[in-house]
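Participant: Starting from these lines, generate the structure:
(one chain, ligands or ions: 1)
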Amino acid sequence: MAGSTWGTILTMTTWGESHGRGLGVTVDGCPAGLSLREEDIQKYLDRRKPGQSRFATARREGDQAEILSGVFEGRTTGTPISMLVRNTDQRSHDYSAIMDVYRPGHADFTFDEKYGFRDYRGGGRSSGRETIGRVAAGAVAARLLAELGVTVTAYTRSVGPIEISEERFDLAQAGENRMYMPDAAAAAEAERYLEGMMAAGDSVGGVVECLVNGLPAGIGEPVFEKLDARLAHAVMSIGAVKGVEIGDGFAAALNVGSRNNDGFRSRKALERGGKDAASADIQDRASGEEQAVRDFGDRGISKTTNHAGGILGGISDGDTIVLRAAFKPTPSISQPQQTVNRRGENTEITVKGRHDPIIVPRAVVVVEAMTAFTVADMMLLNMSARLDSVKKVYGR
Ligand SMILES: Cc1cc2nc3c(=O)[nH]c(=O)nc-3n(C[C@H](O)[C@H](O)[C@H](O)COP(=O)(O)O)c2cc1C
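Facilitator: Numbers count the residues shown, from 1 in each chain. Take a look at the predicted model:
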């Protein structure tokens with residue numbers, strides 16, 4: 001199967017099927033000397049593994065990470081890092097009923113059309129378990145980014161129609177509830193909503209939001225390898241993602257230029273004007289509202305707002321990167337649905353087996369991993385953008 005590799009300098013190749021002997025990833029291009037232990041990988045895998053709550057599939061997997069290569073005495077060696085998770089709780093017979101029948105909303109029909117053959121056990125490569133490799137690779141990237149002062153944080157923004165409120169936003173809360181929502185009240189409402197959907201044998205979608213902080217300005221390669229284009233590609237490649245937004249995203253289409261543009265401010269100029277740089281209030285010309293200048297970057301330049309989501313011209317502007325991914329409802333539902341079988345006969349299907357009534361809470365760490373990996377790759381790629389930087393590496 002082609003198309004299993006992502007990245008330019010830092011690359012991941014994921015492999016394995018839902019009900020094969022195991023799944024994993026090979027990460028290549030990671031600089032030598034990075035401290036990396038199996039516990040670093042496990043922490044990430046534990047956030048996506050099934051069986052965490054009654055809203056996650058009842059399949060119980062240990063999902064234990066094993067590092068097979070590329071690490072010696074706790075440090076990366078600069079050689080390919082191969083990581084494996086063995087499948088230990090496959091129940092292939094759960095899927096025998098759908099051997100010849102296409103699940104609506106899943107990839108059964110299109111895989112069969114493409115290859116003339118499909119691994120019907122849990123969807124094979126199109127299963128959510130494929131994301132194990134991505135998450136393990138993302139854990140390596142997060143370690144690398146930590147060395148560079150960059151953090152990537154994802155959480156659930158909405159479950160069906162229930163959205164977190166900006167006023168109640170509390171990141172610490174995201175780790176405290178099963179929805180991964182940084183808003184305890186919204187999480188409680190979302191759980192009640194899901195209970196109702198589960199009782200009806202239905203499923204729901206939602207939105208994951210991801211923030212990248214500490215990324216310097218200048219990361220991203222015009223024109224085909226823009227940072228926003230790469231992030232959208234990376235996140236859109238996750239199963240069930242149907243839309244990706246950067247900054248205001250689709251809402252920007254409803255705005256006007258005078259409000260959508262993020263004004264620039266220089267710390268030096270503000271200091272000369274005798275204002276306290278960190279808390280200087282800037283008059284927003286368009287809205288007439290008083291707005292604080294956001295954090296100043298290395299050059300002392302900041303923006304009054306962040307409608308752009310931290311990216312201009314495909315290059316990071318030093319502000320927080322804001323990305324959102326829209327997930328569709330889980331395709332496998334226990335209600336009867338119309339479908340056809342491989343012989344082209346009309347039939348009905350009621351999907352049995354173990355499926356999440358919502359994908360979003362388990363996908364939060366997958367979005368975080370793909371974002372972290374892509375940002376780390378783009379940071380490495382940026383190192384050759386200026387002659388000065390290249391000379392510095394070689395001491396010339
Ligand atoms: C973490 C994760 C878990 C998933 N779990 C399920 C599941 O339990 N049942 C299901 O039908 N689809 C699940 N999916 C979604 C399918 O993999 C996906 O909808 C399918 O491959 C079709 O691809 P598409 O929705 O991108 O078109 C999951 C996806 C992810 C990312």
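
Participant: What residues does the residue in the chain that the ligand sits nearest to make contact with?
Facilitator: Residue nearest to the ligand within the chain: Gly128 (2.3 Å; C-beta to the nearest ligand atom). For glycine as for every other residue, the C-beta is placed from the backbone atoms N, C-alpha and C. Shown in contact with Gly128 (C-beta atoms under 8 Å, 6 or more residues apart in numbering): 18, 239-240, 356, 359, 362-363.

Participant: Would you agree Val322 is in contact with Val244?
Facilitator: No. Val322 is beyond contact range of Val244, at 11.5 Å (criterion: C-beta atoms under 8 Å).

Participant: Same list (the contacts of Gly128) but as a markdown table, adding distance to Val393 and neighbour count.
Facilitator: Shown next, in a markdown table, are those (distance: C-beta to C-beta, whole Å; neighbours: other C-beta atoms under 10 Å):
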| residue | distance to Val393 | neighbour count |
| --- | --- | --- |
| Ser18 | 43 | 22 |
| Gly239 | 39 | 20 |
| Ala240 | 41 | 19 |
| Asp356 | 46 | 21 |
| Ile359 | 42 | 28 |
| Arg362 | 40 | 22 |
| Ala363 | 37 | 26 |
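
Participant: can you list these in TSV and add pLDDT and distance to the ligand?
Facilitator: Below are those laid out as TSV (pLDDT from 0 to 100; distance: C-beta to the nearest ligand atom, whole Å):
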residue	pLDDT	distance to the ligand
Ser18	87	9
Gly239	98	3
Ala240	98	4
Asp356	80	5
Ile359	97	5
Arg362	96	4
Ala363	98	5
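
Participant: So which residues of the stretch 1-150 of the chain form helices?
Facilitator: Here the stretch 1-150 of the chain has its helices, by DSSP state H, counting those that start in this stretch, at 38-48, 108-115, 131-147.

Participant: just the stretch 251-396 of the chain next, same as before
Facilitator: 257-260, 267-272, 360-381, 387-394.

Participant: List the buried residues in the last one.
Facilitator: Spelled out, it's helix 387-394. Residues of helix 387-394 classed as buried by neighbour count (16 or more other C-beta atoms under 10 Å): none.

Participant: quick one: contacts of it?
Facilitator: Under C-beta under 8 Å, 6+ apart, the answer for helix 387-394 is 383-384.

Participant: how distant is it from the center of its chain?
Facilitator: How far helix 387-394 lies from its chain's middle: 33 Å, per C-alpha atoms, centre = their mean, to the nearest Å.

Participant: before we move on, what about the shortest one?
Facilitator: In this view, helix 257-260 has its centroid 29 Å away from the chain centroid, taken as C-alpha atoms, centre = their mean.

Participant: Counting by contacts, list what that helix packs against.
Facilitator: For helix 257-260, not one helix or strand is in contact under the criterion 3 or more C-beta pairs under 8 Å, 6 or more residues apart in numbering; DSSP states H and E.

Participant: So for it, mean pLDDT?
Facilitator: Average pLDDT, helix 257-260: 98.

Participant: Then the second one?
Facilitator: Averaged across helix 267-272, pLDDT comes to 82.

Participant: Could you list every helix and strand in contact with that helix?
Facilitator: Packing partners of helix 267-272 (3+ C-beta pairs under 8 Å, 6+ apart): none among the helices and strands.
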